[in-house]
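1. Here is the input, now give the coordinates:
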Amino acid sequence: MTPDGVINPDIAQETGTNYELGSTWQLWENKLSANVALYRMNVKNLLVAQRVGEDEFIGRNAGETRHQGFEVDVQYREKLSPSITFSPYLSYTLNDHSFVDFVDGDNDFSGNPLTGVPKNRLSSGIDFRHSSGLQLNLIHQFVDDIPLTDANTLSSDSFNVFHAKMSFATSISTHVNLGLNVGINNIFDTNYAQSVLINAVGFGGTQPRYYYPGNGRNYFGGFRLNYVF
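-> Numbering: from 1, shown residues only. Below is the predicted model of the structure:
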């Protein structure tokens, strides 16, 4: 549909074929778990958004695109003492996505990395748990630079952000449970783009709005009181 509510007859349906190979391991008496997957998907007539007005978009087809990559999730669980366990984890994604055939007017974007997709993404952290109900979570996130235009003339900056959370859960009585939590997001007050708008254009003399900034360092806390019948 166009912004005027008219059906666009020039849009073709997306079609694609996906191939995926994966495996799961449990090692060292199930202390270490790992999931690995390889994938590849060829898509014809991929629908992409073209901005035609302030917060107005129409769809268009991008010819042929190739989506391929690698995903791995690893988690380890170990006891530091009879009452304390810790669990480091890591999730990594490689996105090698590209336009295979994409010609838009006089512009040939064939071979360019796919717009709006970071090539590397990493999430890692470590959880500490005490048998008393106390828990500490340390979290790290890395996002690679992201192409913002089909011509790949502009990209967002890669970034790392870190978070921390402490929580406590206990039973006050047979029927009442109490939960408390406090935390810090973006510990090092990093400037980064929480989300991006690809192929943005400016209107009324304004600069294109490619970025939606993430929150600076911020704090949170809460409590939960449950009554169980």
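2. only C-alpha atoms for contact and neighbour calcs from this point on.
-> OK.
3. I'd like to know which helix or strand in the chain has the lowest mean pLDDT.
-> strand 47-53 (a mean of 61; mean pLDDT, DSSP states H and E).
4. Can you classify residue 224 by secondary structure?
-> Put simply, residue 224 is strand when judged by DSSP: H, G, I helix; E, B strand; the rest coil.
5. That one pairs with what?
-> residue 179 (DSSP bridges).
6. neighbours around it, how many?
-> 10 (other C-alpha atoms under 10 Å).
7. Repeat that for residue 156.
-> Residue 156: 19 neighbours (other C-alpha under 10 Å).
8. pLDDT wise, what is it at?
-> pLDDT for residue 156: 93.
9. In contact with it, which residues?
-> 145-148, 193 (C-alpha atoms under 8 Å, 6 or more residues apart in numbering).
10. same thing but at 6 Å, please
-> 145-146 (C-alpha atoms under 6 Å, 6 or more residues apart in numbering).
11. Tell me how far it lies from residue 194.
-> 10 Å (C-alpha to C-alpha, to the nearest Å).
12. just residue 72 next, same as before
-> Taken as C-alpha to C-alpha, the span from residue 72 to residue 194 is 23 Å.
13. same thing with residue 220?
-> 18 Å.
14. Same question for the strand of greatest length in the chain: list its buried residues.
-> Longest strand of the chain, by residue count under DSSP state E: strand 84-101. Neighbour counts over strand 84-101 (16 or more other C-alpha atoms under 10 Å) mark 85-101 as buried.
15. which residues are contacting the following helix or strand past it?
-> Using DSSP states H and E, the next helix or strand after strand 84-101 towards the C-terminus is strand 103-104. Strand 103-104 has contacts (C-alpha under 6 Å, 6+ apart) with residue 109.
16. Next SSE downstream of strand 103-104?
-> strand 107-108.
17. Partner strands of that next one and their direction?
-> strand 103-104 (antiparallel).
18. From the centroid of this protein, which residue is nearest?
-> residue 121 (7.4 Å; C-alpha atoms, centre = their mean).
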